[in-house]
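Visitor: 3D model of this:
(4 chains)
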2 protein chains.
Amino acid sequence: MTSADPESADLYSIADLAREFGISTRAIRFYESKGLISPERLGATRVFRRRDRARLILILRGKRLGFSLRDISDYLALYDADRSQQVNLLAEKVDERLQLLEQQLADLQTTIAELREIRNLARERVISPS
Amino acid sequence: MTSADPESADLYSIADLAREFGISTRAIRFYESKGLISPERLGATRVFRRRDRARLILILRGKRLGFSLRDISDYLALYDADRSQQVNLLAEKVDERLQLLEQQLADLQTTIAELREIRNLARERVISPS
DNA sequence: TCACGGCTTTACGTTAGCGTCAAACAACTG
DNA sequence: CAGTTGTTTGACGCTAACGTAAAGCCGTGA
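Guide: Below you'll find the predicted structure:
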């Protein structure tokens, strides 16, 4: 029973989030300009809530996965789509994206396996020189 | 006993490879300009062999994984390093990259799990309307 | 021979994703 | 009141990864 607010509290400044996630304020503004997040305003100043912070986490994960901001934007829409979109179309889009990700997963596993092999070969050679 | 040549045959033109992998000839030339592949020449014309083709496959997989050409270049060097580089330094680099990839793998698995959940929620809603 | 397709290089254009000032306002501090 | 700190909105700059002509060389078939 710590909070029963309909409006989730936890307010963050742009600098708070920049610091927490190790990105620039410029980047955050840029994401907003691309519609990936839409913080409220107190006058002109951006005020971020938990929802914005959560989206930022998804954005950064998407970036680590090598997605473009456009891709990430589509991806975020899947989360919102809960109420806003037609549900059939949603399921289709999610399936599409899942296929891509599974391809990526396969690529990744192959690559990791190859690198492990390279590393092991290197190790052998160090341990037992000719 | 189909082939015992020291020089592996299988010659490809730039257009062959572009067609096979669904990329532009421009892209292939660009990769060469960045040192990712170095086909032989017959006069001025590029002649690609199996080795070049294999590297191209690695390049494209790297791209699917969201790596920059610089990253991919380093990555390719790990394959060559067999003889060229110092082996200790190699093992370090491979380990670094493996850590990145494993982080990426974790991100990917999380994302896939979330998307599956979203999809299942969507399905439920379709099957059993209020 | 000449038109054609395929190859080459050179070079400028484009998009994404920010970095980096610049100029201005707002609140706090000494 | 002046100075500092944090915020805002432009606006220009920059790198990566090619796209897109442009213009020329080369070999082949009719």
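
Visitor: now look at stretch A:51-64 and say if it contacts chain B.
Guide: Yes - using C-beta under 8 Å from any C-beta of the partner chain, stretch A:51-64 comes into contact with chain B via A:61, A:62, A:64. C-beta here means a position set from N, CA and C on the backbone, and glycine is covered the same way.

Visitor: how about the helix or strand hosting residue A:28: buried residues?
Guide: Assigned by DSSP states H and E, residue A:28 belongs to helix A:25-33. For helix A:25-33, burial by neighbour count (16 or more other C-beta atoms under 10 Å in any protein chain shown) applies to A:27, A:28, A:31, A:32.

Visitor: list the contacts of the first one.
Guide: Contacts for residue A:27 (C-beta atoms under 8 Å, 6 or more residues apart in numbering or on different chains) come out as residue A:18.

Visitor: what pLDDT does it get?
Guide: Per-residue confidence (pLDDT) for residue A:27: 95.

Visitor: number of nearby residues for residue A:103?
Guide: By other C-beta atoms under 10 Å in any protein chain shown, the residues close to residue A:103 number 11.

Visitor: need the pLDDT of residue A:119.
Guide: 80.

Visitor: quick one on the thing from earlier: so which of the residues of stretch A:51-64 next to chain B comes closest to DNA strand D?
Guide: residue A:64 (15.7 Å; C-beta to the nearest atom of the strand).

Visitor: so that closest one versus residue B:10, what's the distance?
Guide: 37 Å (C-beta to C-beta, to the nearest Å).

Visitor: tell me which of these two has more neighbours.
Guide: Using other C-beta under 10 Å, the more surrounded residue of residue A:64 and residue B:10 is residue A:64, with 15 against 11.
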